[in-house]
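**Q** I'd like to go over a predicted model; first the sequence, then the structure.
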Amino acid sequence: MPGPAPKNPSTRQRRNQSATRAMLPAETSPRLRAPALPAEREWKALTKRWWRDVWASPMATEYVRADEHGLFRLAVLIDMFWAAPSTKLAAEIRLQQQAFGLTPLDRSRLEWSIEHAEQARDRGDRQRRSRTIVVSDNADDDPRKILE
């Protein structure tokens, strides 16, 4: 005796589909360089270094202009932390930086991965090998003759 009839797909609870997935249009004027930290504040050297590192990172290509405001707020928190370190500030920084993929765990959660040098080299090698090489019809010009 067979089991019960299968459920109608429309009544299933889990479909493992993202209900919020969307492809947004690209910015009309992409950023050509990192924004400067606001001049209204005297920034700590470690904060400036963090800011440069963030904008030089591979994650920076994912940020749009609207993200800059959150990164400015995070820079203020980091600057406050370097002025007077506290666990409360460290916790808030950790919470705020999650949205920007600034730690390995955050990048994993966002499903971002950074291509390592070996992977990039292997990808380049595969692309070079996949290109068609035109060999002369003349058998005397065959470079493989050297191997004989």
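**A** Cool, got the structure. These numbers were taken from a predicted model, which means no experiment stands behind them.
**Q** what sits against residue 48?
**A** For residue 48, the contact set (C-beta atoms under 8 Å, 6 or more residues apart in numbering) comprises residue 37. Yep, even glycine has a C-beta here, placed from its N, CA and C like the rest.
**Q** in the helix or strand hosting it, what's buried?
**A** Element membership for residue 48 (DSSP states H and E) is helix 45-56. By 16 or more other C-beta atoms under 10 Å, the buried positions in helix 45-56 come out as 47, 50-51, 54-55.
**Q** out of those residues, which comes closest to residue 89?
**A** residue 47 (12.5 Å; C-beta to C-beta).
**Q** those helices in this protein, which residues are they?
**A** 45-56, 65-83, 87-97, 104-109, 117-130 (DSSP state H).
**Q** contacts for the shortest one, please.
**A** The list of residues contacting helix 104-109 from outside it, by C-beta under 8 Å, 6+ apart, reads 59, 97-101, 113-114.
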